[in-house]
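> predicted structure and sequence below. I'll ask about it afterward.
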Amino acid sequence: MDATTLPHGVTLHPLVERADPRGTLTELFRAEWGTGVAPLQWNFVRSVAGVLRGVHVHPRHADYLIVLEGCATIGLVDLRPGSPTERLAACVDLAAGAPRAIVIPAGVAHGFYFDVPSLHLYGVDHYWDPEDELGCRFDDPGLGLHWPATPKLVSERDLGLPPLAALAGRIPALRGDHGTA
């Protein structure tokens, strides 16, 4: 289910699939679309059914994510002090059959639940840095996220994440008009 209200700066971009007798072509990213993200690195991830990844939050980098196979429920929580949607929680469904990209700005916590085997592609606008890899328990009631099912598989790292309260003071305040911290 898609939320009607998303955290400030989170945007969804429909992707147009062009078909001919050979198959299809879908443009995934163009700088002229004005997403606010200029990816420096691209990653693709395969997930088995029942996997939950996260909840993670990055003080500095933004993500640009597309589901290429399967589907995902993306849980989002705005943790940026001063944001017009501070503490807003929302879930968005993405599916390969209805391609679109989601932009997740710095300071917006996010987790991904895959109810079927899936493949997603994501670009980041800063290189990996352990100081920019924060997180909290996916099932912390303070997040206000309602996952579509109980996950069957969560990594040891994500199961060992602290409660949401441990992130207090670690996310920069929102500044500017682009939804970034």
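Arrived safely.
> okay, CA-based contacts and neighbour counts for the rest of this
Noted.
> what's the average pLDDT for stretch 123-135?
Taken as a whole, stretch 123-135 has a mean pLDDT of 94.
> was I right to think Tyr64 contacts Val124?
Yes - Tyr64 is within contact range of Val124, at 6.5 Å (criterion: CA atoms under 8 Å).
> burial check on Tyr127, number of neighbours?
Tyr127: 13 surrounding residues under other CA atoms under 10 Å.
> assign it to helix, strand or coil.
At Tyr127 the chain is in coil, as set by DSSP: H, G, I helix; E, B strand; the rest coil.
> which parts of this structure are helices?
Ranges of helices within the chain are 156-159, based on DSSP state H.
> could you pull out the residues contacting both of Tyr64 and Val124?
Listed as contacting both Tyr64 and Val124 by CA atoms under 8 Å, 6 or more residues apart in numbering are 37, 39.
> which of the two has more residues huddled nearby?
Shown here are Tyr64 and Val124; by other CA under 10 Å, Tyr64 has more neighbours (25 against 20).
> for the more buried one, give its distance to Thr35.
Distance from Tyr64 to Thr35, counting by CA to CA, to the nearest Å: 8 Å.
> between these two, what contacts are shared?
Counting by CA under 8 Å, 6+ apart, the residues touching both Tyr64 and Thr35 are Val103.
> give me the pLDDT value at Leu174.
pLDDT recorded at Leu174 is 83.
> any idea how far Asp115 is from it?
Using CA to CA, Leu174 is found at 33 Å from Asp115.
> got any ranges where this protein has weak pLDDT?
Where the chain drops to pLDDT under 70, the residues are 1-4, 175-181.
> centroid-wise, who is the farthest residue in it?
Centroid-distance maximum for the chain: Pro21 at 33.7 Å, with CA atoms, centre = their mean.
> my read: Gly142 touches Ala166, true?
No - checked against CA under 8 Å, the pair Gly142 and Ala166 is beyond contact range at 11.5 Å.
> now Gly160. Its backbone dihedrals?
Main-chain torsions, Gly160, degrees, to the nearest 10: phi -90, psi 0.
> check contacts around it.
Applying CA under 8 Å, 6+ apart to Gly160 gives the contacts Arg137.
> the chain should start at 26 in everything you say after this.
Okay, residue one is now 26; in that scheme the one you just asked about reads as Gly185.
> and it, how close does it get to Leu192?
Distance of Gly185 to Leu192, computed by CA to CA: 14 Å.
> and what of Gly107?
Per CA to CA, Gly107 is found 15 Å from Leu192.
> same thing with Gly48?
46 Å.
> what's the answer for Leu101, then?
Noted for Leu101: a distance of 15 Å to Leu192, by CA to CA.
> between those two, who's got more neighbours?
Counted by other CA under 10 Å, Leu101 and Leu192 do not tie: Leu101 has more neighbours, with 27 against 14.
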